[in-house]
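Trainee: this one's sequence-less:
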Ligand SMILES: C=C(O[C@@H]1C=C(C(=O)O)C=C[C@H]1O)C(=O)O
């Protein structure tokens, strides 16, 4: 190692002393911030206002990202992750939020839940998408997180179907980039007999597996996290799962990013009981059916077109009430409290035999 001159050593310790002072100041300020959040919490409880206010959190992120642009020393991309945890921790002094997600631990849904609510809420794994909905209805949790569509594998039909049976609302959305890695305790691929993963992950990694593990048996399990658990003590097995799963189950990543698509994203939705306030950058989701006649879909969507409302998604699902009877799942830009959205949906509701608002929520950033 290069000899460090005395004056450089002194300078280094002076710099570190200054950093220590700043860290102490940050802790003092964090405590001040938490105290104020707690006071806000008292007022909210007194007036029965919701503890979690995504529109306020969104406003804070946007303001601080803009402010940081002025200084440019601290990387702007990390303002949101840092403040997400600060806000999450401050919020936890008001009330302990409970969030059910499609488990087990270390699924991509778990990651999405942490990315959205931060670490300081109780993230509770449940076994099925239906359980996520049921836990909210029973009042055991405040929110739920479930996957809804993937850029490669398409929609998670099961999640959409749940909205026909449950009267819950979409209160947020999360978009997560998915990277699938090969992991195990034995890096020697020639000794691998079995690969565990979820059906979607196998579909994504087919090319890589064909080339590199052509003789291994592919075993489908309910989630990528379960796959990692299956491989954790088995010298002849590997799993295809997330980095978080490798961490939790103590697996070594043998090959990174073996999924063939560069842009593999999954969209998750947050479900709750109430529609959050507008943020100015929102989406509204609703479902409707049409009469069985010429131009029915065209006519039903006309109220949106007339007002220049942008539709970002439409998806049809069998209604299960009659053969060839369909329900359309639709996303548009805007919030149900916006005048033109409210009017358009009123009109649409009058034309449709079946209509239901699924929620208005801040668009994923
Ligand atoms: C403190 C509040 O409550 C929660 C915590 C927030 C924070 O720590 O900044 C912001 C919004 C709320 O989800 C608030 O509503 O202002």
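Mentor: Now that the structure is in, tell me what you want to look at. Predicted, not measured: the structure shown is a model, and the values here were computed from it. Residues are numbered from 1 along each chain as shown.

Trainee: verify the stated contact: residue 116 with residue 270.
Mentor: Yes - in this structure, residue 116 is within contact of residue 270 by C-beta atoms under 8 Å, at 6.2 Å. C-beta here means a position set from N, CA and C on the backbone, and glycine is covered the same way.

Trainee: which element, helix or strand, includes the residue of the stretch 51-200 of the chain found nearest the ligand?
Mentor: Residue of the stretch 51-200 of the chain nearest the ligand, by C-beta to the nearest ligand atom: residue 90 (3.5 Å). For residue 90, the enclosing helix or strand under DSSP states H and E is helix 79-94.

Trainee: just the buried positions in that helix, please.
Mentor: 79-80, 83-84, 86-94 (16 or more other C-beta atoms under 10 Å).

Trainee: what of stretch 201-208?
Mentor: 201, 202, 204, 205, 208.

Trainee: same question, stretch 122-140
Mentor: 123, 124, 125, 126, 129, 130, 131, 132, 133, 134, 135, 136.

Trainee: I'd like these laid out as CSV, including pLDDT.
Mentor: Shown next, in CSV, are the buried residues of stretch 122-140 (pLDDT from 0 to 100):
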residue, pLDDT
123, 97
124, 98
125, 96
126, 96
129, 92
130, 95
131, 96
132, 97
133, 97
134, 98
135, 98
136, 98
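
Trainee: other residues contacting whichever strand or helix holds residue 283?
Mentor: Secondary structure from DSSP H and E places residue 283 in strand 282-288. Strand 282-288 has contacts (C-beta atoms under 8 Å, 6 or more residues apart in numbering) with 163-164, 170, 173, 300, 312, 327-336, 341, 345, 348-349, 352, 354-363.

Trainee: how does it look with 6 Å?
Mentor: Residues external to strand 282-288 that are found in contact with it (C-beta atoms under 6 Å, 6 or more residues apart in numbering): 170, 327-332, 334-336, 352, 355-360, 362-363.

Trainee: swap in stretch 105-116?
Mentor: 99, 101-102, 123, 125, 145, 147, 174, 176, 223, 225, 242, 244-245, 248, 266, 268.

Trainee: is there any residue in it that contacts the ligand?
Mentor: No - Stretch 105-116 stays clear of the ligand (C-beta under 6 Å from any ligand atom), getting no nearer than 11.8 Å.
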